[in-house]
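Participant: Next comes the sequence, and after it the predicted model I'd like to discuss.
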Amino acid sequence: MMLSAASMAMTVPGTALHKMDLADEGAARAVGLLGDNDLVSIIPVDSAAHPLSALVQVGPNRGELQNSARVVESMGGGIFVHAGLKAGWEILKPAPVGQRHVILLADAADAEEPGDYVKLLAEMQKEKCTVSVIGLGSEKDRDADFLKDVAKRGGGRIFFNADPNELPGLFAQETVSVARSA
């Protein structure tokens, strides 16, 4: 699992919460839904990837993972998608597991630095790693087509949602969907 963390510092209208708070809660809930033997890594991304942990077994680390996910802060600097995908793949690639999946959260109006994502996603697909995208915003935002292409090339799903309050539910939905397919 990868959590991308830039441009999420804005306050959610009608609440004291920031978009990042809701993304953090989404990642924590996703960890809560995984089985004890599942492996996970959470990687906040701005202009660089900042892994919170190596790929670890959920069971003995669940509480620590959830606590770490809940305190990720938006550091600004944009969402460098290639850097995040590359970091996620470097962690997942050697994993001795049957299914590898990345959930990329990105602001649909601020997903930048695609790098050679086409080549990277082709490599990930060849090794049976899938990528789904949660795009905060709408399909009309300037980076929506790019995010759609990431999900398509990653063999995963894409979700757009302009309501940050629904982020935790989207993370849960995608986590359950991937767990079922495993």
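Facilitator: Nice, thanks for sending it over.
Participant: Next, count neighbours for residue 19.
Facilitator: Neighbours of residue 19 under the rule other Cβ atoms under 10 Å: 21. The C-beta positions use only the backbone N, C-alpha and C, and glycine is treated the same way.
Participant: how close does it sit to residue 87?
Facilitator: Distance, residue 19 to residue 87, using Cβ to Cβ, to the nearest Å: 21 Å.
Participant: Quick check: closest non-adjacent residue to residue 68.
Facilitator: Spatial nearest neighbour of residue 68, excluding adjacent residues (Cβ to Cβ, 6 or more residues apart in numbering): residue 52 at 4.6 Å.
Participant: At the geometric centre of this protein, which residue sits there?
Facilitator: The chain has residue 104 as the residue nearest its centroid, 2.9 Å off, counting by Cα atoms, centre = their mean.
Participant: Dump the host helix or strand of that residue to PDB, restricted to CA.
Facilitator: Remark: residue 104 resides in strand 100-107, with elements defined by DSSP states H and E. The C-alpha trace of strand 100-107 is given here as PDB (Å, rounded to 0.1, in the frame of the first residue of the first chain):
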ATOM      1  CA  ARG A 100       1.400  -7.500  -4.800                       C
ATOM      2  CA  HIS A 101      -0.800  -4.400  -4.900                       C
ATOM      3  CA  VAL A 102      -0.200  -0.700  -4.600                       C
ATOM      4  CA  ILE A 103      -2.900   1.800  -3.700                       C
ATOM      5  CA  LEU A 104      -1.800   5.200  -4.900                       C
ATOM      6  CA  LEU A 105      -3.600   8.200  -3.400                       C
ATOM      7  CA  ALA A 106      -3.100  11.400  -5.400                       C
ATOM      8  CA  ASP A 107      -4.700  14.800  -5.800                       C
END
